[in-house]
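J.: Can you look at this prediction? I've put the sequence above it.
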Amino acid sequence: MRPDHEVVIVGAGFGGMGAAIEFKRQGVKDLLILEREDDLGGTWHVNRYPGLAVDIASVTYSYSFEPNPHWSRLFAPGAELKRYAEHVADKYDLRRHMRFGAVVEGARWDEDTHLWTVAIAGSAPVTTRYLVTATGFLSQPHTPDIPGIDTFAGEIIHTTAWKDTYDLAGKRAAVIGTGATAVQLIPELAKTVKHLTVFQRTAIWVVPKIDGRIPPVVRRLFAKVPITQRVARLFNTALLEVLMVAGVLHYKKVPMAGRSAAALAKRHLRNQVRDPELRRKLTPDYDFGCKRPTFSNTYFRAFTKPHVHLETSGIERIEPDGIVAGDGTKTKLDTLVLATGFNLWDVNFPAIEIIGREGRDLGKWWRDTRFQAYEGITVPKFPNFLTLASPYSYSGLSYFTTIETQMRHIHRLFGELRKRGADTFEVTERANDQFLDRVTAKLDDSVFYAGSCSTARSYYFNQHGEAAILRPTSTLNALREAGRFPLDDYTYA
Ligand code: NAP
């Protein structure tokens with residue numbers, strides 16, 4: 001039976017676009033990319049809060065095969081990432097495959113036709129031979145269930161739904177949350193609002209950001225002699241690799257790496273904040289690396305301004321005109337900003353209902369057993385299905401290393417399908433079990449298990465207490481395996 005499409009990809013962010021580019025390289029012409037938003041770019045389309053910028057240097061945070069010599073800064077602002085995504089979509093002719101405003105509700109494998117049926121809200125379902133979910137790790141915003149939040153009479157803004165036209169000048173504002181988003185946002189808000197209270201539940205490690213404008217002469221050099229930008233990328237990527245492998249994955253063997261980073265962050269705090277009590281509140285009580293560390297030269301300093309207050313006694317309740325803190329004090333507010341992050345483990349993984357062979361429900365199965373995916377991309381009993389935002393898939397610090405590893409996996413797998421004249425693949429239970437055993441054993445050495453993370457409240461940990469996002473190998477190892485995994489780890493038909 002002929003499907004409506006050969007490949008359906010859910011998500012038009014960098015992951016989905018990378019997969020689409022790979023399928024086009026494989027000669028697939030009949031490709032549909034379904035995107036719930038009204039434009040492409042994923043995270044970089046959705047997030048528009050003030051201060052938004054990449055926190056991995058841009059030479060590395062981009063596709064290696066599509067370098068961008070035009071980045072204005074070492075760490076490009078969010079709008080440039082969005083423009084880069086648009087450029088990639090145009091250059092690789094992806095736009096004509098994209099359907100926006102298409103909210104995928106679920107997908108089901110049909111054992112008779114060997115096709116996936118994809119349900120889309122408000123329109124007819126589509127069938128496809130191959131299904132790819134590229135729905136991202138941080139795509140389901142978390143809105144906290146704080147007593148009284150629904151009664152707040154002022155403006156509530158989640159950082160993923162920034163209101164560009166809302167004027168913050170002269171406002172009495174509060175930010176809930178002190179994650180990577182808040183670290184970028186708070187110094188910017190502090191410039192505009194009349195009064196800012198930051199409700200911090202867990203302090204975050206912040207190290208200095210070595211940022212700056214890339215002079216036009218260097219940009220011209222990158223454009224004219226691309227090898228120079230490749231060398232810069234290699235250097236920065238190697239640095240990130242050392243940080244990741246030594247500081248996070250091999251914490252048990254080299255605890256000094258993480259401790260040195262923590263010492264750097266503490267020195268940074270000392271340099272910017274004189275008040276010892278404020279410093280104490282801003283100092284994390286868990287090991288560096290337990291949750292994503294952040295980079296900023298302006299975050300700590302923002303709290304030293306007279307109109308900025310750090311509240312650490314918790315939130316008792318929200319009232320129509322303000323927040324009552326844990327110590328009983330009330331802060332009157334007209335604007336409440338939720339920098340409260342994303343829900344990964346309840347509503348993501350997977351972001352949509354996926355029903356495979358024998359009626360296996362992926363989300364339920366992951367929760368009832370363990371979160372798992374062979375090489376972070378395929379799952380037994382889910383034929384012809386590739387899940388990009390998967391357990392143990394995130395490799396290295398830049399998301400692009402994960403994307404390109406997965407592109408390479410797709411290349412090898414679909415090359416084999418073509419060679420065999422087959423059109424169905426499924427990873428074996430044995431290969432999946434072995435991969436899970438291997439990665440979970442390796443994680444024992446990581447900061448997540450060998451370090452002190454119990455107070456970090458890190459989204460790296462799932463509801464079973466497992467740090468099941470990062471692939472605990474070097475990115476080189478992940479890339480090598482994607483190009484060499486045993487072909488009989490799959491069955492073909
Ligand atoms: P996040 O790291 O999950 O931080 C959410 C914050 O909200 C935390 O401080 C959390 O406190 C707080 N929070 C949540 N519910 C709360 C409640 N009920 N009461 C009080 N506080 C509450 O989310 P994020 O800051 O959006 O960052 C998520 C990830 O996005 C980052 O780790 C990073 O990977 C990515 N990111 C990247 C960039 C970039 O430059 N590329 C920028 C921003 C974000 P607890 O810690 O106590 O739970």
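T.: That came through fine. Numbers count the residues shown, from 1 in each chain.
J.: Count residues in the vicinity of the closest residue in space to K209 that isn't next to it in sequence, would you?
T.: Spatial nearest neighbour of K209, chain neighbours left out: F295 (3.8 Å); criterion: Cβ to Cβ, 6 or more residues apart in numbering. Every residue, glycine included, has its C-beta placed from N, CA and C. By the criterion of other Cβ atoms under 10 Å, F295 has 22 neighbours.
J.: show me what contacts whichever residue of the stretch 151-300 of the chain sits closest to the ligand?
T.: The minimum distance from the stretch 151-300 of the chain to the ligand, using Cβ to the nearest ligand atom, falls at G179 (2.2 Å). Shown in contact with G179 (Cβ atoms under 8 Å, 6 or more residues apart in numbering): 204, 291-292, 294, 339, 341.
J.: L278 too?
T.: L278 neighbours (Cβ under 8 Å, 6+ apart): 303-304, 310.
J.: Please look at the residue nearest to K209 and D55 and confirm they touch.
T.: Yes. Counting by Cβ atoms under 8 Å, D55 is a contact partner of F295 at 5.4 Å.
J.: quick one, helices of the stretch 101-250 of the chain?
T.: Ranges of helices in the stretch 101-250 of the chain, per DSSP state H, counting those that start in this stretch, are 180-192, 216-224, 226-242.
J.: what's the most buried one of those?
T.: Greatest average neighbour count among the helices of the stretch 101-250 of the chain goes to helix 180-192 (a mean of 22), per mean count of other Cβ atoms under 10 Å.
J.: Run through who's touching it.
T.: Contacts of helix 180-192 (Cβ under 8 Å, 6+ apart): 47, 49-53, 55, 159, 168-169, 171, 173, 175, 178, 196, 198, 204, 206, 292, 294, 296, 298-299, 301-302, 305, 307-308, 337, 339, 341.
J.: Residue ranges of each domain in this protein, please.
T.: Split into domains by automatic domain parsing, the chain comes to 5-40+94-139+344-492, 149-210+237-338.
J.: circling back to that earlier point, take the contacts of L278 and write them to CSV, including secondary structure.
T.: CSV is the format used below for these (DSSP: H, G, I helix; E, B strand; the rest coil):
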residue, secondary structure
F303, coil
T304, coil
L310, strand
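J.: Highest neighbour count among these?
T.: For those, the largest number of neighbours (other Cβ under 10 Å) sits with F303, at 22 neighbours.
J.: gap between that residue and A203?
T.: Going from F303 to A203 by Cβ to Cβ, to the nearest Å gives 11 Å.
J.: what residues are shared contacts of these two?
T.: Shared contacts of F303 and A203, defined by Cβ under 8 Å, 6+ apart, are found at L282.
J.: can you list the residues of the stretch 251-400 of the chain near the ligand?
T.: By Cβ under 6 Å from any ligand atom, the residues of the stretch 251-400 of the chain that approach the ligand are 292, 315, 339-341.
J.: Check the contacts of G179 for burial and list the buried ones.
T.: Among the contacts of G179, those buried by neighbour count (16 or more other Cβ atoms under 10 Å) are 204, 291, 294, 339, 341.
J.: quick one: which two of the residues you listed are the most distant?
T.: Greatest spatial distance in the buried ones among the contacts of G179: K291 and A339, 14.2 Å, computed using Cβ to Cβ.
J.: quick one: contacts for the residue in the stretch 251-400 of the chain that the ligand sits nearest to?
T.: The ligand sits closest to G341 of the stretch 251-400 of the chain, with a gap of 2.5 Å, by Cβ to the nearest ligand atom. Applying Cβ under 8 Å, 6+ apart to G341 gives the contacts 138, 141-142, 177, 179, 181, 459.
J.: Please report how far it lies from A325.
T.: Taking Cβ to Cβ as the measure, G341 falls 21 Å from A325.
J.: now E404
T.: Per Cβ to Cβ, E404 is found 46 Å from A325.
J.: picking up where we left off before, overlap of the contact sets of F295 and D55?
T.: With contacts taken as Cβ under 8 Å, 6+ apart, F295 and D55 have 75, 209 as neighbours in common.
J.: gap between V46 and the ligand?
T.: Distance of V46 to the ligand, given as Cβ to the nearest ligand atom, to the nearest Å: 11 Å.
J.: these two touch, right, that residue and E37?
T.: Yes. Using Cβ under 8 Å, V46 is in contact with E37, at 6.3 Å.
J.: Could you check which of these two is surrounded by more residues?
T.: Neighbour comparison, V46 and E37: the larger count goes to V46, with 20 against 17 (by other Cβ under 10 Å).
J.: Tell me who's in contact with that one.
T.: 37, 139, 160-161.
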